[in-house]
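>>> The sequence isn't on hand, but the structure is:
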Ligand SMILES: Nc1ncnc2c1ncn2[C@@H]1O[C@H](COP(=O)(O)OP(=O)(O)O)[C@@H](O)[C@H]1O
Ligand SMILES: N[C@@H](CCC(=O)OP(=O)(O)O)C(=O)O
């Protein structure tokens, strides 16, 4: 798929996930900016009225809670962030309900934790909720359930959540709206000039200076937007990154921002869950030969290519497969308990007792990840 095909996918989508970041909805001084929120809703409602199903992933709860709680700046500690999110989420949901109400559209609030997508049964449950909400004509408004998410398990920024939701609801496209109008060769606030309008693969990203948020309101900056865009693209979902001020153009003509081409066909729900949503309980360290076999030749992982293990997993758990440079190159369902593997790793099949002679991770249960 090319960048222009991605733009076409946005304009022709039957179902689209739109993610809007804190920096596009809130200001440090006044919290929630209702005028900006209304403009975003105008753009989305326009598409909904054309029978496009839109799922909105909206950040801004923490930002919207700053001024009601008289906090001087965006809090950095988890407890105050959670308190701010608790107050702000209410304001945010209320604002969306009112704003979509101008178009006689009903919103439904969906607050998710990483557990809701990491566990397969919860994932399916969330899928059912979205599908019913959309069938009933409501606009689902999604955020992380910040008040209960702990440091270890939280998504933190909503870009990854949006990519997960895009696959979960079977969206035709993902639109990421921020305070910046496109991807640049560096942070535009610090003088970068070259706008990148299309990303077809890793080569288009080489040499770019991808930075963190400089607005002080968002969390992940361009780093998290890029990794979310690449996650969605790898799963077969085209992505458009644009400014929230251009929301109307982004959703109708899609002739603004940066388009990320989808790579190949859509991953099945199970393979996407395995590669990107499931929580890994351990790591298997691979030698170079094993990396080549599982990533490039799509073979099963055999004990001979495993150099070490971390974690206390049991057969059937999801584990990360790590290359000699410590990069996660794939994920898969492990066929052995952690306690069984030390006697087997590094050995070729004929050195392993017949009853234990099987794949450590079977190719059908293994998803290579783009670096
Ligand atoms: N290469 C880059 N291209 C564009 N923006 C960048 C780049 N590197 C860093 N940024 C910064 O990322 C910010 C957007 O991230 P963030 O504030 O987290 O947004 P959001 O709240 O929408 O998620 C931009 O305002 C910009 O300052
Ligand atoms: N769930 C948090 C999102 C945190 C955040 O800043 O996300 P983002 O603006 O998308 O980088 C909130 O609503 O404030």
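Structure received. What you are looking at is a predicted structure, and each value in this text was computed from that prediction instead of being measured. Residues are numbered from 1 along each chain as shown. Ligands and ions are numbered 1, 2, ... in the order given.

>>> so what's the residue of the chain found nearest ligand 1 up against?
Proximity to ligand 1, evaluated over the chain using C-beta to the nearest ligand atom, is greatest for residue 21 at 1.9 Å. For glycine as for every other residue, the C-beta is placed from the backbone atoms N, C-alpha and C. Listed by C-beta atoms under 8 Å, 6 or more residues apart in numbering, the contact partners of residue 21 are 59, 60, 157, 158, 159, 176, 177, 178, 179, 217, 218, 244.

>>> mind listing which of those are in strands?
Using DSSP state E, the subset of those located in strands is 176, 177, 178.

>>> one step back: quick one: pLDDT of the residue of the chain closest to ligand 1?
Looking at residue 21, its pLDDT is 91.

>>> Can we start the residue count at 71 from this point?
Yes, from this point I'll number from 71; that puts the last item at residue 91.

>>> Return the backbone torsion pair for it.
phi -90, psi 160 (degrees, to the nearest 10).

>>> and stretch 430-441, how far out from the chain's middle?
Computed by C-alpha atoms, centre = their mean, to the nearest Å, the separation of stretch 430-441 from the middle of its chain amounts to 19 Å.

>>> Would you mark the buried spots in it?
Under the neighbour-count criterion of 16 or more other C-beta atoms under 10 Å, stretch 430-441 has 430, 431, 435, 436, 437, 438, 439 buried.

>>> Please tell me I have it right and residue 370 contacts residue 436.
Yes: look at residue 370 against residue 436 with C-beta atoms under 8 Å: they come within range, at 7.0 Å.

>>> Tell me where the stretch 321-441 of the chain has strands.
Using DSSP state E, counting those that start in this stretch, the strands of the stretch 321-441 of the chain run over residues 328-330, 352-356, 376-381, 388-392, 398-404, 431-438.

>>> and those, which is most packed in?
Mean neighbour count (mean count of other C-beta atoms under 10 Å) peaks for strand 328-330 among these, with a mean of 30.

>>> Give me the helices and strands touching the lengthiest helix in the chain, please.
In the chain, taking DSSP state H as the definition, the longest helix is helix 148-171. Helices and strands touching helix 148-171, by 3 or more C-beta pairs under 8 Å, 6 or more residues apart in numbering; DSSP states H and E, are strand 101-102, helix 104-118, strand 123-128, helix 131-136, strand 177-182, strand 209-214.

>>> can you do 6 Å?
Packing partners of helix 148-171 (3 or more C-beta pairs under 6 Å, 6 or more residues apart in numbering; DSSP states H and E): helix 104-118, helix 131-136, strand 177-182.

>>> is that helix anywhere near ligand 1?
No: Helix 148-171 does not reach ligand 1 (C-beta under 6 Å from any ligand atom); its nearest approach is 13.6 Å.

>>> Tell me the spacing between residue 137 and ligand 2.
14 Å (C-beta to the nearest ligand atom, to the nearest Å).

>>> Could you report the pLDDT at that residue?
Note on residue 137: pLDDT of 90.

>>> just the one 4 residues further on next, same as before
Per-residue confidence (pLDDT) for residue 141: 92.

>>> what's the closest non-adjacent residue to it?
residue 154 (6.5 Å; C-beta to C-beta, 6 or more residues apart in numbering).

>>> these two touch, right, that neighbour and residue 132?
Yes: counting by C-beta atoms under 6 Å, residue 154 does reach residue 132; the two are 4.7 Å apart.

>>> Look at the two and report which has more neighbours.
Each of residue 154 and residue 132 has its neighbours counted (other C-beta atoms under 10 Å); residue 132 has more, 28 against 25.

>>> Any part of the strand or helix carrying residue 300 near ligand 1?
Under the criterion of DSSP states H and E, residue 300 resides in helix 291-304. Yes: applying C-beta under 6 Å from any ligand atom, one finds that helix 291-304 is in contact with ligand 1 at 291, 292.

>>> how far out from the middle of the chain is that helix?
Distance of helix 291-304 from the chain centroid (C-alpha atoms, centre = their mean) equals 7 Å.

>>> Kindly calculate the angle that that helix makes with strand 431-438.
Here helix 291-304 runs at an angle of 130 degrees relative to strand 431-438 (axes from the mean of the first three to the mean of the last three C-alpha atoms, to 10 degrees).

>>> Can you name the residues in contact with helix 291-304?
By C-beta atoms under 6 Å, 6 or more residues apart in numbering, the surrounding residues in contact with helix 291-304 are 227, 229-230, 233, 236, 244, 246, 280-283, 309, 330, 332-333, 346, 440.

>>> Tell me where the model's unsure across the chain.
Scanning the chain with the threshold set as pLDDT under 70 gives 71, 73, 221-223, 226, 262, 281-290, 441.

>>> Pull up the residues of it that are close to ligand 2.
91-93, 129-133, 155, 213-214, 216, 227-229, 288-290.

>>> Now the buried members of the residues you listed.
Among the residues of the chain next to ligand 2, the ones that count as buried by 16+ other C-beta under 10 Å are 91-93, 129-133, 155, 213-214, 216, 227-229, 288-290.

>>> Just give me the neighbour total for residue 189.
Neighbourhood size, residue 189 [other C-beta under 10 Å]: 15.

>>> ditto for residue 198
9.

>>> Please, which helix or strand holds it?
When elements are assigned from DSSP H and E, residue 198 belongs to helix 190-205.

>>> Report the angle between that helix and strand 123-128.
Using the same axes, to 10 degrees: helix 190-205 against strand 123-128 is 120 degrees.

>>> buried residues in helix 190-205?
192, 193, 196, 197, 200, 203, 204.

>>> Output those as CSV; include the columns distance to ligand 1.
Formatted as CSV, the buried residues of helix 190-205 follow (distance: C-beta to the nearest ligand atom, whole Å):
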residue, distance to ligand 1
192, 25
193, 24
196, 22
197, 25
200, 22
203, 24
204, 24
